[in-house]
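>>> coords please:
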Amino acid sequence: MIIWSGWLVASRAGVQSELTVYDIMAFRFGISGLLALPYVLYAKPWRHMTIRNMALAAVVTGVPYCLVLFAAFNYAPAAHGAVFMNGILPTLVMIFGYFLFKEKPNRQQIIGAILIITGASCAAFGVSGFDIGSTWLGDLMFVAAATFFVLYLMMNRAWRLSVSQIWFCGSILNALVFVPVWWLFLPTGIPEVPTDQLLLQMGYQGILPNMVGLVLVSIAVRNVGPSVTAAIMSGVPASGALLGYIFLGEELTWLGIMSLLILTPGIIIASLPSRAKP
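Residues are numbered from 1 along each chain as shown. Presented below is the predicted three-dimensional model:
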């Protein structure tokens, strides 16, 4: 959760600079793909995956996911992502779990999901108000981005993706598709960016999300399950707001503080072992 919260802050700082969204995506896939290449060539993870599995894993972790997410910011404030992307993760996990694995949510999960959505809504109100009427398209894109992430959780549960498979699909395959297009056709602001800011973005975007964050999420799914993982990840907007206050000087409103107070028990309730009898 801390890695993804930091990613929000780093991305916010990146888009406020001369860097383009495409530069940030190129760092994310290109650098991580380059670093992962030696180990992936050694492990040869494609030997144990079908083309369909490789394509699906690459889509839900790569270019389509990032494009939908960044496009959402053009139509809705970033705070709306607190509700429509992170806040609904536990609810989407319950829905997908029911249809894919025939698992019915228990009362504890439902109560936790309600508290999480309420707390995430407070975070959104605290930043920009909440006018869905003029931002519905961006909000739908946030829901689509959340769906990509939940599908990644479900894939990890069903396929038990290894580190080499995650790096191969999430970084290398996406780098092969995106980096040449970015280099040849897409705008860049790299020459105008100060060296320290450029190194920060290259280091954070290129290493932590794909090489560390996705792997830790995979390990979490194996050990505590998709529901608990989604519940903890729903705390990203609130913790991101706290990190934004510390590192970017962004205002932390009373509603933002309230969101932390509501989200935390919601995450704890959703994460505790269920007392329901099998």
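
>>> what's the offset of the biggest helix by length in the chain from the middle of its chain?
Taking DSSP state H as the criterion, the chain has its longest helix at helix 136-159. Taking C-alpha atoms, centre = their mean, to the nearest Å, one finds helix 136-159 lying 9 Å from the centre of the chain it belongs to.

>>> I'd like the next helix or strand past it.
Going down the chain from helix 136-159, the next helix or strand is helix 163-167, by DSSP states H and E.

>>> If you count neighbours, what's buried in the helix or strand following that following helix?
Next helix or strand after helix 163-167 toward the C-terminus (DSSP H and E): helix 174-185. For helix 174-185, the neighbour count (16 or more other C-beta atoms under 10 Å) marks 174-175, 178-179, 182 as buried. For every residue, glycine as well, the C-beta is placed using N, CA and C.

>>> Run through who's touching the helix or strand following helix 174-185.
For helix 174-185, the following helix or strand on the C-terminal side (DSSP H and E) is helix 195-207. For helix 195-207, the surrounding residues in contact (C-beta atoms under 8 Å, 6 or more residues apart in numbering) are 6-7, 10-11, 13-14, 17, 19, 23-24, 27-28, 30-32, 35, 190, 193.

>>> check contacts around Tyr39.
By C-beta under 8 Å, 6+ apart, the residues touching Tyr39 are 163-164, 167.

>>> quick one: which of those residues has the most company?
Trp167 (25 neighbours; other C-beta atoms under 10 Å).

>>> For it, give its distance to Met85.
Separation of Trp167 from Met85 (C-beta to C-beta, to the nearest Å) stands at 24 Å.

>>> Equivalent analysis for Pro265, please.
Taking C-beta to C-beta, one finds Pro265 at 21 Å from Met85.

>>> Same question for Asn156.
Where Met85 is concerned, Asn156 sits at a distance of 19 Å (C-beta to C-beta).

>>> again with Met258
Counting by C-beta to C-beta - Met258 and Met85 are separated by 20 Å.

>>> These two: which has the busier surroundings?
Per other C-beta under 10 Å, whichever of Met258 and Met85 has more neighbours is Met85, with 29 against 17.

>>> Wait, that one touches Ala144, no?
No - at 9.0 Å, Met85 and Ala144 do not qualify as touching, with contact defined as C-beta atoms under 8 Å.

>>> quick one: common contacting residues for the two?
Residues touching both Met85 and Ala144 by C-beta under 8 Å, 6+ apart: Ala72.

>>> what's the weakest-modelled helix or strand in this structure?
The helix or strand of the chain with the lowest confidence, counting by mean pLDDT, DSSP states H and E, is helix 80-81 at a mean of 68.

>>> now the angle between helix 136-159 and the very next helix or strand once past that helix, please.
Downstream of helix 80-81, the first helix or strand assigned by DSSP H and E is helix 89-101. Going by axes from the mean of the first three to the mean of the last three C-alpha atoms, to 10 degrees, helix 89-101 is angled at 50 degrees with respect to helix 136-159.
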